[in-house]
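Participant: Could you look at this predicted model? Sequence included:
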Amino acid sequence: MGFAVATDRALLRELCEDVLDPARGGDPWQRACAAGLPGLLFAEELGGAGGGALEAAIVLESLGRYLVREPYHTSAVLCAALLQSAASEAQLRAWAPAAMAGSERYAFAGDEPGCAGAPERIALRARPVAGGYALAGRKTAVLDAEAARYWLVSARVPGRDGLALLRVPRAAEGVRVEGYPTPDGRRAADLSFAEAFVAEGELLAGPGDALPAVEHALELAAATVCAEAVGCMAALHETTLAYVRARRQFGSALARFQAVQHRLVEMLLELEMARSLTLAANAALAAGAPAGQLRRAVSAAKVRVGRAGRFVAQGAIQLHGAIGMAEELPLGRYARRLAAIDAAYGTPARHLARFAEALPG
Amino acid sequence: MSDALPAADPAFRAMVRAFVDEHLPADLRDREIAGDALSKDDYRRWHRIVDRRGWVAASWPVEHGGPGWTPLQQHVFDEECWDAGAPTLLPFGLRMIGPVLIAHGTPEQQARFLPRIRSGDDFWCQGYSEPDAGSDLASLRTRARRAGDGFTVDGQKTWTTLGAYADWMFCLVRVVEGADDAGRVSLLLIDLRSPGVTVRPIAMIDGSTHEIAEVFFDDVRVPGGNLVGGVGKGLSYARQILARERTEMAMVGRSKRLFKLLVAAGSECGADGRVPLADARFRGRVAEAEIELRGLDALLLRTLADGAPERGPLVSLLKLKGAEVQQQLAELVLDGAGASALARGGAGHALERYLNLRKTTIYGGATEIHKNLVAQLHLEL
């Protein structure tokens, strides 16, 4: 581990800017692994960095800025948090080393057709059988499913309230994987389980005890993916600043036109509002805020990041003019990533509704 | 720019809250929350209560009678005062000319003016805008001619907030040294009780006649000792005042109070028999406004965590967003009031407040000017 994360966020930021910069060439996942980034959220006694939401947000912002497509968020944030909070000590000792090294990646298989992201509506069944469980049901849009060695699958055990969480090897029999590209250049998959056998030792927490861990990990996922969006917005803003300084029309740089200047200031304001609420949400997670406060902080960030992302991406495209519409520039890739982030871990509309629940009347 | 939020200090907040709860007179609080116009004596009454506790000059150094608070503590104090419904501690003396005198005034000026600002004996106003000089302060025309060991001032200031309550004005004037001199913009302290000064109220769109005044100077004698710093320092001091003022101008405290009002009024059954917040569309707008307010609050805390709140683009962004949020909330209060906004005293002056707060994107540097500033100074466009 090259850093003591909990004590030095500035150093972590520098490390990420260095390690994740695509200008360095080669495989960014390998560099992230060499720097110990997949171990960020694991406890120090396991050999991890003992980081939390604020540290994860720093890594995610860099990933967003450089538009790195590696499955860091799904594996090293969401699934690491699930393992850390739901796996037993023995499981963690056995599983964490390869996860922290980045050699075994994880994906979270949560969403199902019709469950609209709500973990309490999970229907996939895990029926106790000799030596383990038989899984039957479907999961949809599992991000980075094919890149993972294991999936963490949420399920219901018949006769038990609550939720179970099982570690299912990618290679398990009785599972059909239908992978497809997502608009942001990544991949997702739909999974069908037909009485797929999972050994007893792959059950995390108790058969009905995983719901709090899943809910909390999804809050963390939503708050940290907001930081990735902030990184995307910052990159779009910088790119557009550079473009309007260089591009000349009517005999002067675009940057000289007040309408252009004001739009860039408005974009900066949106970016900073998004950054401020993202920081507040991740700080609430780091501080262990009570559930009600945490939900509102995360939802506020997700709503505002969604709106800011639209504004910044549309502004960047508009100020570039026709070239902004061309795939040759990275603007479209950022805009598509921002749209994908909107769709993940609760849309802004769903988060606005959740945020508004606390209002009286 | 800071990527951290400062740690909360609940003990400090509790101490401030206990003081305000105990000492804020209920009648003042009720009129302030109702949105009634307050008199000069009302403002002075609360000012003196806070001064007796030693907190009124919150941003001043200890040697000038400040409490020695950090910017974050000053902010918490403000927030608690807003939350409790205290009248504003008028900023013109305490936050604007006071700190300039502390930084640039002579020992005589400091000894003469600072104690009376702190005690509330002197109320001040700001003399910047003129009929032909609004955002463009460099074009101002009020002249101060050398006369003996002092100045003779002629000209007009306008849009002077609470000019009618002020004893003194810190005034930007053009000091003219000779017949051909165009004059250099300087900061002059003018006693508004001097012969030749006329203060007239201006009727505003919200119906107020006490808030804004215009001030005429007709051969007004001002002693030489009332010039702050040197000739030509005026714009630099004015910029310093504006920069200091901007974190406060985000007016997060006022917006939080407005939000409370919005939720309280919105959850009551209106005259038309409907509860505004029961309407899904209105509820969504209120939720979005609350998110803006939270974002503004976090933005402000980031500038305070920086330790140098008067610098950096965040401060201008704070002014821009703070102004918008106040307007957004006042608009929602008005919409929530619906038809009852037309009744006498209309739903806590909802329409008057809506109109009054249109000022927030104009004063302290209009929104367009702040966008120019951020573009030029921080985006380097």
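Facilitator: Arrived safely. Numbers count the residues shown, from 1 in each chain, chains lettered A, B, ... in the order given.
Participant: need the strands for chain A, in chain order.
Facilitator: A:106-109, A:125-129, A:132-143, A:150-155, A:164-169, A:175-181, A:187-199, A:203-204, A:248-249, A:252-253 (DSSP state E).
Participant: Format those strands as JSON lines; extra columns: mean pLDDT and distance to residue A:36.
Facilitator: Bear in mind the C-beta positions are built from the backbone N, C-alpha and C, glycine included. Shown next, in JSON lines, are the strands of chain A (pLDDT from 0 to 100; distance: least, C-beta to C-beta, whole Å):
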{"stretch": "strand A:106-109", "mean pLDDT": "98", "distance to residue A:36": "17"}
{"stretch": "strand A:125-129", "mean pLDDT": "97", "distance to residue A:36": "34"}
{"stretch": "strand A:132-143", "mean pLDDT": "97", "distance to residue A:36": "23"}
{"stretch": "strand A:150-155", "mean pLDDT": "98", "distance to residue A:36": "20"}
{"stretch": "strand A:164-169", "mean pLDDT": "97", "distance to residue A:36": "23"}
{"stretch": "strand A:175-181", "mean pLDDT": "97", "distance to residue A:36": "29"}
{"stretch": "strand A:187-199", "mean pLDDT": "98", "distance to residue A:36": "25"}
{"stretch": "strand A:203-204", "mean pLDDT": "97", "distance to residue A:36": "24"}
{"stretch": "strand A:248-249", "mean pLDDT": "96", "distance to residue A:36": "46"}
{"stretch": "strand A:252-253", "mean pLDDT": "95", "distance to residue A:36": "43"}
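Participant: between those strands, which one is nearest to chain B?
Facilitator: strand A:252-253 (8.4 Å; C-beta to the nearest C-beta).
Participant: Would you pull up how far that closest one lies from the middle of the chain?
Facilitator: Strand A:252-253 sits 40 Å away from the centroid of its parent chain (C-alpha atoms, centre = their mean, to the nearest Å).
Participant: Outside of it itself, list whatever touches it.
Facilitator: By C-beta atoms under 8 Å, 6 or more residues apart in numbering or on different chains, the residues outside strand A:252-253 that reach it are A:244-247.
Participant: who touches the one residue in the stretch 151-300 of chain B that gets nearest to chain A in this structure?
Facilitator: Nearest residue of the stretch 151-300 of chain B to chain A: residue B:277, at 2.9 Å (C-beta to the nearest C-beta). Listed by C-beta under 8 Å, 6+ apart, the contact set of residue B:277 reads A:359-361, B:263, B:266-267, B:283, B:286, B:336.
Participant: Also residue A:331?
Facilitator: Residue A:331 touches A:236, A:239, A:313, A:316-317, A:320, A:324, counting by C-beta under 8 Å, 6+ apart.
Participant: Pretty sure residue B:125 sits against residue B:159.
Facilitator: No. Using C-beta atoms under 8 Å, residue B:125 is not in contact with residue B:159, being 10.6 Å away.
Participant: between these two, which one's more packed in?
Facilitator: residue B:125 (28 against 19; other C-beta atoms under 10 Å in any protein chain shown).
Participant: Helix, strand or coil: sort out that one for me.
Facilitator: strand (DSSP: H, G, I helix; E, B strand; the rest coil).
Participant: per-residue confidence at it?
Facilitator: With respect to pLDDT, residue B:125 scores 98.
Participant: Scan the contacts of residue B:277 and report the most crowded one.
Facilitator: Neighbour-wise, these (other C-beta under 10 Å) top out at residue B:336, 27 neighbours.
Participant: Excluding chain neighbours, what is closest to it?
Facilitator: Nearest in space to residue B:336, with sequence neighbours left out and distances taken as C-beta to C-beta, 6 or more residues apart in numbering or on different chains, is residue B:276 at 4.1 Å.
Participant: who's in contact with residue A:94?
Facilitator: Neighbours of residue A:94 in contact, by C-beta under 8 Å, 6+ apart: none.
Participant: which regions of the chain lie under the pLDDT threshold?
Facilitator: If you meant another chain, say so; for now it's chain A. The model of chain A has pLDDT under 70 over residues A:1-7.
Participant: Wait, chain B was what I had in mind.
Facilitator: Using pLDDT under 70, the flagged stretches of chain B are B:1-3, B:245-246, B:306-311, B:344-348.
Participant: picking up where we left off before, got the strands of chain A as a markdown table, with mean neighbour count columns?
Facilitator: Formatted as a markdown table, the strands of chain A follow (neighbours: other C-beta atoms under 10 Å in any protein chain shown):
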| stretch | mean neighbour count |
| --- | --- |
| strand A:106-109 | 28 |
| strand A:125-129 | 17 |
| strand A:132-143 | 21 |
| strand A:150-155 | 27 |
| strand A:164-169 | 25 |
| strand A:175-181 | 13 |
| strand A:187-199 | 19 |
| strand A:203-204 | 24 |
| strand A:248-249 | 11 |
| strand A:252-253 | 12 |
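Participant: any chance of these in JSON lines, plus distance to residue B:188?
Facilitator: Output for those, formatted as JSON lines (distance: least, C-beta to C-beta, whole Å):
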{"stretch": "strand A:106-109", "distance to residue B:188": "68"}
{"stretch": "strand A:125-129", "distance to residue B:188": "81"}
{"stretch": "strand A:132-143", "distance to residue B:188": "66"}
{"stretch": "strand A:150-155", "distance to residue B:188": "72"}
{"stretch": "strand A:164-169", "distance to residue B:188": "73"}
{"stretch": "strand A:175-181", "distance to residue B:188": "70"}
{"stretch": "strand A:187-199", "distance to residue B:188": "69"}
{"stretch": "strand A:203-204", "distance to residue B:188": "74"}
{"stretch": "strand A:248-249", "distance to residue B:188": "46"}
{"stretch": "strand A:252-253", "distance to residue B:188": "40"}
